[in-house]
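Enquirer: build me a model:
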Amino acid sequence: MAPIIQSIRYSQSIDHLSSHFHDCHQLLYIEEGQIRITIGEEHYTAVSGDLIIISRFEGHSIQIESSVYKRYTLRIRPDISGMENRLLSVLVNRPARFRHVLSLSGSQEVTLLLKQLMSEWTARQDFWDMQLDHLLYSLLICLYRQHPELKQFKSDMLLQIQAVQSYLEENYHHSCSLSELSNQFHLSASYLSHQFKHITGLSVIGYLTACRIAAAKRMLAETNMDIGKIVAECGFSDSSNFSRKFRALTGLTPTQFRANNKQ
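Expert: The predicted structure is shown next:
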């Protein structure tokens, strides 16, 4: 299996970034500097020693507020919900009072892990992919140990919800209801509805819509596919329903999004 990390980058460029989208999760560690970052509808100031967590469902923009800005950017596979690993849940789940920006003390340990990740990514010696996963888990363990509030879910409950998330991410183009999911995963509809919202921050249908919109963003940015075909590929009932939900979640029409993000 390919490593969990899709890419690692160390950069010192001072470039403001308008709202944009990547079909992956991201960890951004600020080694030096200060930025103002907007993730979805949340606004934060982030400084040296902060780790920023961005899911693939969340657009974000950055304004740099210092003359120096050094950071590591880790892009992480979008399909992590199916890996049944509690450490990875922080990348995608958004329970109540979740903060995207978290301070990490012991910056030498964190910086060493990031330098090792960068080295493994660049050198690609034997077992580099396994070592990448190991180092990523070590970084996340540092995060959880310093922020125990992130460990608020029982492991069996979390794994149940991760299985449902994985199913929705793989089958977003099909119709899907709460009752169908509860039968398939042998959970009561009320339990599934409550725990899913508690862990992910979204309703089951809200999460399904987020998966569909993420797929539509990818197709708009990476292909010349007709928007009508994208509507059908992503499981929306009609173009007006798709456009309404797309604009509600992104602030842009599909056409505007394509113009701003075409690769």
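
Enquirer: just name the shakiest helix or strand of this protein by mean pLDDT.
Expert: strand 17-20 (a mean of 74; mean pLDDT, DSSP states H and E).

Enquirer: for the helix or strand following that strand, buried residues please.
Expert: As assigned by DSSP states H and E, the chain's next helix or strand after strand 17-20 is strand 25-32. Judged by neighbour count (16 or more other Cβ atoms under 10 Å), strand 25-32 contains these buried residues: His25, Gln26, Leu27, Leu28, Tyr29, Ile30, Glu31. C-beta coordinates here come from the backbone N, C-alpha and C atoms, glycine included.

Enquirer: equivalent analysis for stretch 9-28, please.
Expert: Ser19, Phe21, His22, Asp23, Cys24, His25, Gln26, Leu27, Leu28.

Enquirer: which of the residues you listed lies closest to Leu140?
Expert: Nearest to Leu140 among the buried residues of stretch 9-28, counting by Cβ to Cβ, is Leu27 at 8.7 Å.

Enquirer: what about the most centrally placed residue in the chain, distance to Met157?
Expert: Residue closest to the average C-alpha location in the chain (Cα atoms, centre = their mean): Ser55, at 1.6 Å. Note on Ser55: its distance to Met157, by Cβ to Cβ, to the nearest Å, is 20 Å.

Enquirer: quick revisit: can you tell me which helices and strands the least confident helix or strand of the chain packs against?
Expert: Counting contacts by 3 or more Cβ pairs under 8 Å, 6 or more residues apart in numbering; DSSP states H and E, strand 17-20 is packed against strand 60-64, helix 254-261.

Enquirer: at 6 Å instead, please
Expert: Applying 3 or more Cβ pairs under 6 Å, 6 or more residues apart in numbering; DSSP states H and E, one finds that strand 17-20 makes contact with strand 60-64.

Enquirer: does Gln131 really touch Glu120, like I thought?
Expert: Yes: with contacts counted by Cβ atoms under 6 Å, Gln131 reaches Glu120, the gap being 5.0 Å.

Enquirer: who has more neighbours, the two?
Expert: Taking neighbours as other Cβ atoms under 10 Å, Gln131 and Glu120 compare with Glu120 leading, 21 against 18.

Enquirer: can you tell me the strand partners of the least confident helix or strand of the chain and which way each runs?
Expert: The pairing partners recorded for strand 17-20 under DSSP bridges are strand 60-64 (antiparallel).

Enquirer: what mean pLDDT does the strand it pairs with have?
Expert: Strand 60-64 shows a mean pLDDT of 93.

Enquirer: give the buried residues for it.
Expert: By 16+ other Cβ under 10 Å, the buried positions in strand 60-64 come out as His60, Ile62, Ile64.

Enquirer: ok, the last one touching Ile35?
Expert: Right, Ile64. Yes: contact criterion Cβ under 6 Å: Ile64 and Ile35 qualify, at 5.3 Å.
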